[in-house]
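this is a predicted model, with the sequence first.
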Amino acid sequence: MPGGRLTQQERQQIALGLADGLAYAEIARRLDRPTSTITREVMRNGGPTAYRADLAHRATERRARRRRQAAPRRGSQAAPQAFGRDPEAVRAYEETLTTVYMQSGTPPMMARVMACLTISDAGSLTASELVERLQVSPASVSKAIAFLESQELVRRERHEGRRERYVVDDEVMYQAMMASVRATAQVAETTRQGVGILGRDTPAGARLENTARFLDFVSESLARAADQAREILHTKPETTSGGTAESRSDH
């Protein structure tokens, strides 16, 4: 049933499609489902090489039980979303953003934490807030934060005694981009060291030389582009007389 939850039979078809090397779009077409549904299902359950239909189905049931247990008791009312947002639309978008982060190579738990921080208006949350929102253990949050810090995607701030807040703000993305530039430049330098060892006039040496030149160009171009576009990260919404928001830069 398009739009409903995936059935166990559909998950088996997904597993068979992956085993046959089918693209997500083709699997989605055969199941009459959106491609994003198939992508999210696979990436949340081990990725294309580790996806197992029975394990994915049990994991989904566990998540559903946790959501029911975390739901407000009858008679109570869930906290309203800021700015009149649709809670279901926000939840679906958070899942989509998590999937995109996972496709870019971020591990699942780290992707969930990153998405949760990104869509928060403050751009920061405490460990306890992340635990409550994601319904995971404090250890899982701690491990995810450590990974994201190592990638310079998140930083810590100390608030109110010993409480820490984990922050993703305007400059974090710039710093993460520059960390990628440094890593690429280091690969280029290491690649170039092999030229002298293998010989510049040998096939392997020539390949390493060309690779180093390519990586040099990419890292320099990326650094230049990041510096030129940095002010975009500081653009603030500006409300017009009609009540709509326009973007403006403080720089």
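Looks like it came in fine.

can we go C-alpha only for contacts and neighbour counts from here?
Will do.

what distance do you get for the residue of the chain positioned farthest from its centre to Ile14?
In the chain, Asp201 marks the outermost C-alpha relative to the chain mean, sitting 42.8 Å out by C-alpha atoms, centre = their mean. Look at Asp201 and Ile14: by C-alpha to C-alpha, to the nearest Å, they are 49 Å apart.

same check, this time on Ala25
Separation of Ala25 from Ile14 (C-alpha to C-alpha): 11 Å.

between these two, which one's more packed in?
Each of Ala25 and Ile14 has its neighbours counted (other C-alpha atoms under 10 Å); Ile14 has more, 25 against 16.

gap between that one and Gly47?
Taken as C-alpha to C-alpha, the span from Ile14 to Gly47 is 12 Å.

nearest residue to the spatially most central residue of the chain in space, please, no chain neighbours.
For the chain, the residue nearest the mean C-alpha position is Tyr101 (2.3 Å; C-alpha atoms, centre = their mean). In this structure, Tyr101 finds its nearest non-sequential neighbour in Ala111, 5.5 Å apart by C-alpha to C-alpha, 6 or more residues apart in numbering.

pretty sure Glu95 is in contact with Thr37, am I right?
No - counting by C-alpha atoms under 8 Å, Glu95 does not reach Thr37; the two are 10.0 Å apart.

now do the strands in this structure.
All strands of the chain, identified by DSSP state E, fall at 124-126, 155-159, 163-167, 235-239, 245-249.

contacts only, for Tyr24.
By C-alpha atoms under 8 Å, 6 or more residues apart in numbering, the residues touching Tyr24 are Thr35, Ile38, Thr39.

out of those, who has the most neighbours?
Top of those by neighbour count (other C-alpha under 10 Å): Ile38, with 23 neighbours.

and it, how far from Thr96?
According to C-alpha to C-alpha, Ile38 stands 11 Å off from Thr96.

and for Ala19?
When Ala19 is compared with Thr96 (using C-alpha to C-alpha), they lie 24 Å apart.
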